[in-house]
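Trainee: Build me a model from this:
(one chain, ligands or ions: 2)
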Amino acid sequence: MKSERAFFLDRDGVLVEDVDLLTDASQIRVLPGVVEALQAIHEHGYLSVVITNQTVIARGLIDETELGRLHDHLREQLVQSGAPHVSAFYVCPHHPHADVARYRVECTCRKPSPGLLERASDEMGIDLAMSFMIGDRLSDVAAGQRAGCTTALIESGAHRAPPIVGMSSEPPTPDHRFADLREAVHTLLRGQR
Ligand SMILES: [Mg+2]
Ligand SMILES: [Zn+2]
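Mentor: Ligands and ions are numbered 1, 2, ... in the order given. Here you go, the predicted structure:
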């Protein structure tokens, strides 16, 4: 019985500024409204689960331990700003053309595949149909739809980027579109009352 509900959140362009290749803690810039959004998620009894493709690992720029430290740094920065703890981070380190051989696989966890959401659902008892996926690329929307979540696209600029490999020919249509995470969370939570 999966009774938890979650907001699945893309990292780059949704929680933090998208700097293309984030490999150092000094590059972390939490976006405006994120702390309030996380507070609202927590107050309404939802989990907050970050779902992120990290090609920096596939490319060998940093390893999984270093990425874990970056995420610890981000967690700490959020908590110091008054946000509740992020419930979990789920990372896909793979890429079909990875420089690092052991990550060079056609995996089922790289968005637009829904593998990370499904793993989080199994490990954390999350009801996917009662949950949301919020991202700023159509690959986020596709992953959320395939997992059975309600989807929202943040119009950060990246949402106009061409779909990444693995997308079906037909681009997915998000259930909602918002300017930023704060607007997304407040509007979606209002709809749940
Ligand atoms: Mg993004
Ligand atoms: Zn993967």
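Trainee: Now Phe8: which helix or strand?
Mentor: Element membership for Phe8, per DSSP states H and E: strand 6-9.
Trainee: Tell me the helices and strands packed up against that strand.
Mentor: strand 47-53, helix 115-124, strand 132-135, helix 181-190 (3 or more CB pairs under 8 Å, 6 or more residues apart in numbering; DSSP states H and E). All C-beta atoms are positioned from the backbone trio N, CA, C, and that covers glycine.
Trainee: Just the mean pLDDT for it, thanks.
Mentor: Confidence over strand 6-9, taken as the mean pLDDT, stands at 98.
Trainee: try stretch 146-164
Mentor: 85.
Trainee: How about it, which residues are buried there?
Mentor: Buried residues in stretch 146-164, counted by 16 or more other CB atoms under 10 Å: 146-154, 156, 158-159, 163-164.
Trainee: now stretch 54-74
Mentor: 54-59, 61-62, 67, 70-71, 74.
Trainee: would you list those in TSV and tack on pLDDT, distance to Gly45 and secondary structure?
Mentor: Shown next, in TSV, are the buried residues of stretch 54-74 (pLDDT from 0 to 100; distance: CB to CB, whole Å; DSSP: H, G, I helix; E, B strand; the rest coil):
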residue	pLDDT	distance to Gly45	secondary structure
Gln54	96	29	coil
Thr55	94	34	helix
Val56	96	33	helix
Ile57	96	33	helix
Ala58	96	35	helix
Arg59	95	38	coil
Leu61	97	37	coil
Ile62	96	34	coil
Leu67	97	29	helix
Leu70	97	28	helix
His71	97	23	helix
Leu74	98	23	helix
